[in-house]
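Enquirer: Give me a model of this one.
(chains A and B)
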Amino acid sequence: MAYVAIADRDHEQEHHDPQTFITKYIWSQDHKVIAVQYSITAIFVGLIALGLSAMMRLQLGFPDTFSFINPENYYQFITMHGMIMVIYLLTALFLGGFGNYLIPLQCGARDMVFPFLNMLSYWVYLLSVIILLISFFVPGGSTGAGWTLYPPQAIMQGTPGTDWGILLMLLSLAVFIVAFTMGGLNYVTTVLQARCKGMTLMRMPLSVWGIFIATVLGLLAFPALLVSAIMMLFDKTLMTSFFMPAISSMGADPGYTGGSPILFQHLFWFFGHPEVYIVALPAFGIVSDLLSTHARKNIFGYRMMVWAIVAIGGLSFIVWAHHMYVSGMNPYFGFFFATTTLIIAVPTAIKVYNWVLTLWQGNIHLRVPMLFAIGFIFTFIHGGLTGLFLGNVTIDLPLSDTYFVVAHFHMVMGVSPVLVVFGAIYHWWPKITGKMYNETLGKWHFWMTFLGTYSIYLPMHYLGFQGVPRRYFSMGNTEFLPESAQDLNAWITMSALFVAATQLLFFVNVVWSLMKGPKADPNPWGATTLEWQTPDTPPKHGNWGHELPECHRWAYDYSVPGYEDDFIPQNVPADKAPAGREHGADH
Amino acid sequence: MEIGLIALAIILATLLGWLLKQSFNTQPWIADEVSATAHHGPLGGSSNTRLIALLTLLAVVTSFFALILSAYALRMELGDWVPMTEPQLLWSNTAMLVLASLAFQWTRNGAVKGIGSRLKPGLVVTGLLTAGFVVGQFVAWQQLEASGQFISSNPSNAFFYFLTGAHAVHILGGLYVWARATARVMLGTAEGAAIRRSIELCTIYWHYLLLVWLILFGLLLAT
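Expert: Numbers count the residues shown, from 1 in each chain, chains lettered A, B, ... in the order given. Now for the predicted structure:
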């Protein structure tokens, strides 16, 4: 063979071990360090966004009580909360954080294929975060256009932050997209090219599958956001009329000619809907691995799970206009998008059934990661089913501007992925740090978060059915609402503050584990995937010592009959263990 | 949005075809002998890693331009659109970009066949022609502005500036990589295989951007 695959090359990278503190932890090219950098930055901005949501809830639960919350900064809180959570927290954490950590380790590679580009990706991401945070402090404050940044109001006088806030927001998004593209090229190329010997595509753990397809979606969808951000920047600074209609603002003519705000919505949601799955698919993959590992049972229907991920990824590109029913559209288009939206429920439902069937007759260990994974199944089914409601044009129209939608997308896109994030952190923590955490504290964290979030979002559905409008600073003329709606709002606020406070348990656990946590076993859960088979815990630079692993089996050989342990790692050869599950042996 | 969707469908179908080939009829739960090549990517082993990365990047750029064109098609239908007269200079710019692509191909063929004497003149000529294209585009902008055709004059103008600008930025990105390769050839600091690989990849990028330009130019002329 004329070429040598990366995985076939021997330990040539080992001689480049970083020496100083700076090259090891700051300007690091090691995917594991970059993953941690990404995660810490993402969680940091996520906490800011959590604080913003607490401010919003204070206003909604107890209107006219807090003098420091006025309508302008309420809108700024909404906007920044949404944008940070969706892009700067979840996308960055799942792909930059878990993608970076898991892809090379689970594929049996020493690092990403372009380590320098990978490092650059993190630093450009950090730059985008800094630009975003600066926008809080510029004259006029950050933008209050809503996280969807719809024109014309996003750049018209009267909306908060139209001087500097919106410019910095668009710039920050453009920089983020550059960072993501650098990272994404790396993830895709690494998955395609740097898998270890024997690691065929269909032996990859589902975590890698989810991250891989999500990255493909991101690479193809983020350009839509980039295009719309650039065009809006032009509309704002150069007075073009891509999106800006002929309009008068405060009695004056700003000089725009007949642009199309709907065009922006098309571009935005062409990115915005795949974005849902950019966050969801890695969560799907990770949760599959968590369930299988902690139920000591192979994932039910592995191939179906892979193809469901691929199908969801493909379908996610042809459902975007279901976010635009209230903008008005040809009824045939509405029918088309409603149909595709409902079709996407089929592969998604397959995944849910398969998760539940994986648990069926499994040897379930209710450890902390497993609790979060099972909690995810609940919240995801819940949020997914309300999605089926809203996918229909006739149901969406009356509900679209109510709290029903807030409840829906927070269940499906807020709570569910965050539960997976926590599950994944608890699952891989021993490998990342080499330390164990406090199991009891972790369980308290789960139960309070899980029950607390239900206490927030279940009542919100009810408020939505009653017609409580979303986006409003205060209710105004809403005599049709009973008094009790406000009581419910107060209850939701108290629950939200409670859930926010219980996240302290997580950070206490993190600090306790790092300071005093007992040393972790290299493979505390008895997991099969390659990252648990590294010679060192935490893995050193280059991951695998002198020899790269060879993969001999899929990632789900749990409880194989005739084998002593209840798991067979992927790098155990076929002649050292039973040859997997033959047809009919255990099905 | 049809243009965006069609581009996307082609990209996804390519990926899907390969995935199908990899996964069809496999039985992942069977542990067996380690195959020497089953873990390789769609184009083989590591010598193609950079090619895979480049093709992935081109897919991203395709999505970017296809989406601008989708927006173009949607915006064009609105009432205030006045077709623009393109500067004649674009024709000579186009000729320069075509020649740059041909020169790069000639250089690449030389590198592949081991004709080392072609590298320096080939790279220099390619660079000059490409830089000429970028300068020419800039001059075309100035001609337009001199005749009162500003970016905010009409949506067709705005798209013209946006499309040509976005394309020129991609060319400049290519010139950065070209400059690095050329410096290595001039200084003789890199081995032949690495240079050849670099030139091969650059050539693909140049052809791709030429194709993008021809599509953009054709569209600008036609509307």
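Enquirer: burial count for residue 201?
Expert: You didn't pick a chain, so chain A it is. When neighbours are defined as other C-beta atoms under 10 Å in any protein chain shown, residue A:201 has 22 of them. In short, each C-beta sits where N, CA and C put it, glycine included.
Enquirer: Switch to chain B, please.
Expert: Neighbours of residue B:201 under the rule other C-beta under 10 Å: 18.
Enquirer: just checking, it is part of a strand?
Expert: No - using DSSP: H, G, I helix; E, B strand; the rest coil, the assignment for residue B:201 is helix, not a strand.
Enquirer: residues touching the closest residue to it other than its chain neighbours, list them.
Expert: Computed as C-beta to C-beta, 6 or more residues apart in numbering or on different chains, the closest residue to residue B:201 that is not its neighbour in sequence is residue B:54, at 5.3 Å. Residues in contact with residue B:54 (C-beta atoms under 8 Å, 6 or more residues apart in numbering or on different chains) are B:201, B:204, B:205.
Enquirer: Equivalent analysis for residue A:105, please.
Expert: Contacts for residue A:105 (C-beta under 8 Å, 6+ apart) come out as A:32, A:530, A:531, A:534, A:539, A:543.
Enquirer: and of those residues, the nearest to residue A:272?
Expert: residue A:32 (31.5 Å; C-beta to C-beta).
Enquirer: Nearest to chain B among the contacts of residue A:105?
Expert: Distance to chain B across those (C-beta to the nearest C-beta) is lowest for residue A:530, with 12.3 Å.
Enquirer: That closest one touches residue A:549, doesn't it?
Expert: Yes - counting by C-beta atoms under 8 Å, residue A:530 does reach residue A:549; the two are 5.5 Å apart.
Enquirer: Now do the shared contacts for the two.
Expert: Residues touching both residue A:530 and residue A:549 (C-beta under 8 Å, 6+ apart): A:108, A:196, A:570, A:571.
Enquirer: Can you report how many residues lie near residue 116?
Expert: In the absence of a named chain, chain A is used. Taking other C-beta under 10 Å as the criterion, the count of residues near residue A:116 is 12.
Enquirer: Chain B was what I was after
Expert: Around residue B:116 there are 12 residues (other C-beta under 10 Å).
Enquirer: just the one 4 residues further on next, same as before
Expert: Residues lying near residue B:120 (other C-beta under 10 Å) number 13.
Enquirer: What residues sit buried inside the helix or strand where it lies?
Expert: Secondary structure from DSSP states H and E places residue B:120 in helix B:119-146. Going by neighbour count (16 or more other C-beta atoms under 10 Å in any protein chain shown), the buried part of helix B:119-146 is B:119, B:122-123, B:125-127, B:129-134, B:136-137, B:140-141, B:144.
Enquirer: same question, stretch B:183-203
Expert: Across stretch B:183-203, burial judged by 16+ other C-beta under 10 Å covers B:185, B:190, B:195, B:196, B:197, B:198, B:199, B:200, B:201, B:202, B:203.
Enquirer: now swap in stretch B:69-77 and tell me
Expert: B:69, B:70, B:71, B:72, B:74, B:75.
Enquirer: what's the longest helix in chain B?
Expert: Longest helix in chain B, counting residues (DSSP state H): helix B:155-187.
Enquirer: I'd like the average pLDDT over that one.
Expert: For helix B:155-187, the mean pLDDT works out to 95.
Enquirer: And stretch B:84-100, by the same measure?
Expert: Confidence over stretch B:84-100 (mean pLDDT, whole number) is 94.
Enquirer: Contacts made by it with the rest, please.
Expert: Outside stretch B:84-100, the residues that touch it by C-beta under 8 Å, 6+ apart are B:126, B:129-130, B:132-133, B:136-137, B:139-140, B:143-144, B:149, B:154, B:156-157, B:160, B:206, B:209-210, B:213-214, B:217, B:220-221.
Enquirer: now do stretch A:323-336
Expert: So stretch A:323-336 is in contact with A:262, A:265-266, A:269, A:272-273, A:321, A:337, A:393, A:396-397, A:400-401, going by C-beta under 8 Å, 6+ apart.
Enquirer: Domain-wise, how is chain B divided?
Expert: Residue ranges of the domains in chain B are recorded as B:1-78, B:86-223, according to automatic domain parsing.
Enquirer: Hmm, residue A:537 and residue A:522 touching each other?
Expert: Yes - contact criterion C-beta under 8 Å: residue A:522 and residue A:537 qualify, at 4.4 Å.
Enquirer: Could you check which of these two is surrounded by more residues?
Expert: More neighbours surround residue A:537 than the other of residue A:522 and residue A:537, with 20 against 16 (other C-beta under 10 Å).
Enquirer: what about that one, which SS state?
Expert: coil.
Enquirer: what do you get for residue A:463?
Expert: Strictly by three-state DSSP, residue A:463 counts as helix.
Enquirer: A helix includes residue A:98, no?
Expert: Yes - counting by three-state DSSP, residue A:98 is part of a helix.
Enquirer: ok, residue A:467 - contacts?
Expert: Counted by C-beta under 8 Å, 6+ apart, residue A:467 has contacts A:402, A:478, A:480, A:481.
Enquirer: Residue B:174: neighbouring residues, count only.
Expert: Count around residue B:174 with other C-beta under 10 Å applied: 18.
Enquirer: And the closest residue to it other than its chain neighbours, which helix or strand is it part of?
Expert: Using C-beta to C-beta, 6+ apart and skipping residues adjacent in sequence, the residue nearest residue B:174 is residue B:205, 5.2 Å away. Assigned by DSSP H and E, residue B:205 belongs to helix B:192-222.
Enquirer: which of the residues in the host helix or strand of residue B:112 are buried?
Expert: Here residue B:112 sits within helix B:89-113, counting by DSSP H and E. Across helix B:89-113, burial judged by 16+ other C-beta under 10 Å covers B:89-90, B:93-94, B:96-97, B:99-104, B:106-108, B:110-111.
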